[in-house]
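*Asks:* the following block contains a protein sequence and its predicted model.
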Amino acid sequence: MGTHKLRTYDEIDEVIREEFALPKLPVKEAIDVLENLQVDVFND
């Protein structure tokens, strides 16, 4: 099993919903907060 980098909101949301079974977790909002704090979650 290899590592796959998540590059979009949708990819992160899908993993959180399906792999971690957390369908109500506010992924987009959390990423927006991090971006406002100048944290780039998509940075290589």
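*Replies:* On my side now, so go ahead.
*Asks:* using the three-state scheme, assign the residue nearest the centre of the chain.
*Replies:* Residue closest to the average C-alpha location in the chain (CA atoms, centre = their mean): Ile12, at 3.3 Å. Ile12 falls in the helix class when you classify it by DSSP: H, G, I helix; E, B strand; the rest coil.
*Asks:* find the residue closest to it in space, skipping its chain neighbours.
*Replies:* Counting by CB to CB, 6 or more residues apart in numbering, Leu6 is the residue found nearest to Ile12 once chain neighbours are left out, at 4.9 Å. For glycine as for every other residue, the C-beta is placed from the backbone atoms N, C-alpha and C.
*Asks:* what sits against that neighbour?
*Replies:* 12, 15, 42 (CB atoms under 8 Å, 6 or more residues apart in numbering).
*Asks:* okay, now the last one: neighbour count?
*Replies:* A total of 13 residues lie near Phe42 under the criterion other CB atoms under 10 Å.
*Asks:* how about it, what does it touch?
*Replies:* 6-8 are the contacts of Phe42 under CB under 8 Å, 6+ apart.
*Asks:* on that earlier part again, next, the residue nearest to Ile12: phi, psi?
*Replies:* Main-chain torsions, Leu6, degrees, to the nearest 10: phi -90, psi 130.
*Asks:* do the same with Asp40
*Replies:* Per degrees, to the nearest 10, the backbone of Asp40 is at phi -90, psi 100.
*Asks:* ok so, going back, the residue nearest to the centre of the chain and Val27 touch, don't they?
*Replies:* Yes - using CB atoms under 8 Å, Ile12 is in contact with Val27, at 5.5 Å.
*Asks:* what is the nearest of the contacts of Leu6 to Leu22?
*Replies:* When these are compared for distance to Leu22 (CB to CB), Val15 wins out at 9.7 Å.
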